[in-house]
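**Q** Just a sequence and a predicted model for now, questions to come.
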Amino acid sequence: MSVKGKREESEKRKHVIKRSFLTAFPKTIPIMTGFLFLGMSYGLYMKVSGFFFVYPLCMSMVIFGGSLEFVAVTMLLGSFAPLQTFVMALMIQARHLFYGITLLEKYKGTGWKKPYLIFGMCDESFSINCSTEVPEGADTGWFYFFVTLLNQFYWVAGATLGGILGSFLTFNTEGLDFVMTAMFVVIFLEQWLKEKKHYTALIGVLASAVCLLVFGADSFLIPTMACILCLLTVFRKPIEKAGGLS
């Protein structure tokens, strides 16, 4: 290929990448508003829990799992329990296994981007990448990449900013750790409103209550999640038949 041909090919490639970015960015704007706010809450939570802002910066870059990152604060402050931590992380993020299966075909042929697309997948990126028809002139691989990268950037920026601002707070931050409880309550309420029936929510509440009584407040979470998983597996067909799953 001639020098002119190589130059034209390079310009065309740059145009495709730019087009892919400009297509991806507007799709992520609603995510940006939510991630910046929630990320700042996480950064502040880390700061009032005694961690320097570098911790939320690094954790949001490496873990990139909102619910898990909030829970990880408690794990870091607790006793050393690697097996319990691994099981907890697996249970919280297990839904990503099904996300990955769904995206096998879409992520095929994305080359060097694929490892990052797998690592950076979150609920919001999954939703955008699954539902968006990439327009002509944009590259699907680059579109998926920019959606994933932008969403993680919003979360990392929010978490880091929250950790930094937490250093300048002069008012009493006691009770700020309730943000994690509030987040899970909101998730529960959203799921409750989305379901036609409330069998799965009731299973979760009852399993939590029983395990809390049996195992105590310090050790009930993993048994609860295991019970919920087993009960949903056993009663999946009756629940689906009754319309208990949306």
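**A** Nice, thanks for sending it over.
**Q** In this structure T140 contacts F146, no?
**A** No - in this structure T140 lies outside contact range of F146 using CB atoms under 8 Å: 11.0 Å. Every C-beta, even on glycine, is put in place using the N, C-alpha and C of the backbone.
**Q** With neighbour numbers in mind, choose between these two.
**A** Neighbour totals were compared for T140 and F146, and F146 leads with 22 against 16 (other CB atoms under 10 Å).
**Q** Not counting residues beside it along the chain, what's closest to the more buried one?
**A** A24 (3.8 Å; CB to CB, 6 or more residues apart in numbering).
**Q** element containing that neighbour, please.
**A** A24 is part of helix 3-48, with elements assigned from DSSP states H and E.
**Q** Can you name the next helix or strand after that helix?
**A** helix 54-62.
**Q** Alpha carbons of that following helix, in CSV - could you do that?
**A** Provided in CSV are the C-alpha atoms of helix 54-62 (Å, rounded to 0.1, in the frame of the first residue of the first chain):
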residue,chain,number,x,y,z
VAL,A,54,-6.4,6.6,47.4
TYR,A,55,-8.4,3.6,48.7
PRO,A,56,-11.7,4.5,46.9
LEU,A,57,-9.6,5.5,43.8
CYS,A,58,-7.9,2.1,43.6
MET,A,59,-10.9,0.1,44.7
SER,A,60,-13.2,1.7,42.1
MET,A,61,-10.6,1.0,39.4
VAL,A,62,-9.9,-2.6,40.4
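**Q** what comes up buried for that helix?
**A** For helix 54-62, burial by neighbour count (16 or more other CB atoms under 10 Å) applies to 55-57, 59-60.
**Q** What's the mean pLDDT across that helix?
**A** Helix 54-62 shows a mean pLDDT of 91.
**Q** Next, the angle helix 3-48 makes with it.
**A** 140 degrees (axes from the mean of the first three to the mean of the last three CA atoms, to 10 degrees).
**Q** contacts for stretch 206-219?
**A** 220-221, 223-224, 227-228, 231 (CB atoms under 8 Å, 6 or more residues apart in numbering).
**Q** Can you get me a residue count around K12?
**A** 10.
**Q** And the pLDDT at it?
**A** Turning to K12, the model gives it a pLDDT of 86.
**Q** From K18, how far out is it?
**A** 11 Å (CB to CB, to the nearest Å).
**Q** quick one: L36 and A157 touch, right?
**A** Yes - counting by CB under 8 Å, L36 sits close enough to A157 to count as a contact (6.6 Å).
**Q** pLDDT below threshold where in this structure?
**A** For the chain, the stretches flagged by pLDDT under 70 are 1-5, 169-184, 186-188, 190-191, 194-195, 218-219, 221, 242-246.
**Q** In which helix or strand does T110 reside?
**A** Using DSSP H and E, T110 sits within no helix or strand.
**Q** check contacts around it.
**A** 117, 140-141, 144-145.
**Q** Got a quick PyMOL command for the buried subset of those?
**A** Here is the PyMOL command that selects the buried residues among those (16+ other CB under 10 Å):
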select buried, resi 117+140+141+144+145
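**Q** Including secondary structure and distance to A201, could the contacts of T110 go into TSV?
**A** Below are the contacts of T110 laid out as TSV (DSSP: H, G, I helix; E, B strand; the rest coil; distance: CB to CB, whole Å):
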residue	secondary structure	distance to A201
L117	helix	32
T140	helix	37
G141	helix	38
Y144	helix	33
F145	helix	36
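**Q** give the contact list for the residue nearest to I63 when sequence neighbours are not counted.
**A** Distances taken as CB to CB, 6+ apart place E69 nearest to I63, at 5.3 Å, with adjacent residues excluded. Residues near E69 by CB under 8 Å, 6+ apart: 42, 56, 59-60, 63, 159.
**Q** CA atoms only for the helix or strand in which E69 is found, dumped as CSV, please.
**A** Following DSSP H and E, one finds E69 within helix 66-77. Only the C-alpha atoms of helix 66-77 are listed here, as CSV (Å, rounded to 0.1, in the frame of the first residue of the first chain):
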residue,chain,number,x,y,z
GLY,A,66,-20.9,-0.7,43.3
SER,A,67,-22.6,-3.0,45.8
LEU,A,68,-19.5,-5.0,46.4
GLU,A,69,-17.4,-1.9,47.0
PHE,A,70,-19.7,-0.8,49.7
VAL,A,71,-19.6,-4.2,51.3
ALA,A,72,-15.8,-4.3,50.9
VAL,A,73,-15.5,-1.4,53.4
THR,A,74,-16.9,-3.6,56.2
MET,A,75,-14.7,-6.5,55.1
LEU,A,76,-11.6,-4.3,55.3
LEU,A,77,-12.5,-3.2,58.8
